[in-house]
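[1] Let's see this in three dimensions:
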Amino acid sequence: MADIVENGAVMDFPRLIGSLPGAPWLPPGSSAEFWAGDDLDIPRPTPIVRLLVTRGGKEFYCVPTANGLDLPTLFLGTPEGWRLPVDGVAELCRRILGAPAETRCIGYVRNIVPEPDESYTLPVPVVNILVFTPRDPTLEPVAGDGTWVTEAPDGRHWWPVVREALLG
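    Alright, predicted model coming up:
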């Protein structure tokens, strides 16, 4: 959907860029949708946020995890309850970029899980895993153990959103 100007402000609406019935990371009978935009409102519920840091418009930064390379990611659940997505992405910016940074939501993976199994611990029936990027495209990670890549490692779920951001 195209941007709309209302009262001098540009409103961005999410665009459905793909769907995957039977997504292999979800319980049977579930599906995933991939939504993208330039500066999206934050959908709820949101238990996880990711940070896309790009370089030169073609490379993006990933960090090592137990499951291989991944975008910097933060689970929003804490012993005290759920953090807001904006607080979580602010923490990711401090960890990865070394300082606060203004960000924008560029998309999300929406898990649709009508009937969870014992392995699925996120909210049901719908949950959104958000991808944010710094508004300043020149920001780079502080020294760390991450690496720059040009394609999603290991077929990551967020790849359609990142590919859309890189290719426009």
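[2] Now for this structure, the helix or strand with the poorest mean pLDDT.
    strand 4-6 (a mean of 50; mean pLDDT, DSSP states H and E).
[3] List the buried residues of the strand or helix carrying P160.
    Using DSSP states H and E, P160 sits in helix 159-167. For helix 159-167, burial by neighbour count (16 or more other CB atoms under 10 Å) applies to 159-165. No exception for glycine: its C-beta is placed from N, CA and C like everyone else's.
[4] what's the distance between the nearest residue to R50 once chain neighbours are set aside and P27?
    Ranked by CB to CB, 6 or more residues apart in numbering and with sequence neighbours excluded, the top spatial neighbour of R50 is L71, at 4.2 Å. According to CB to CB, to the nearest Å, L71 and P27 sit 23 Å apart.
[5] and those two? which has more neighbours close in?
    Shown here are L71 and P27; by other CB atoms under 10 Å, L71 has more neighbours (27 against 16).
[6] where do the strands sit along this protein?
    Here the chain has its strands, by DSSP state E, at 4-6, 9-11, 15-21, 31-40, 48-51, 54-55, 59-65, 68-70, 73-75, 77-78, 81-82, 103-112, 126-134, 147-149.
[7] Just say which of those is most tucked in.
    Neighbour counts (mean count of other CB atoms under 10 Å) averaged over each of these peak at strand 48-51, with a mean of 26.
[8] outside of the biggest helix by length in the chain, which residues touch it?
    Longest helix in the chain by number of residues, with DSSP state H as the criterion: helix 85-97. By CB atoms under 8 Å, 6 or more residues apart in numbering, the surrounding residues in contact with helix 85-97 are 42, 46, 49-51, 53, 61, 63, 72-74, 76, 99-101, 103, 105, 130, 132, 134, 139-142, 144, 146.
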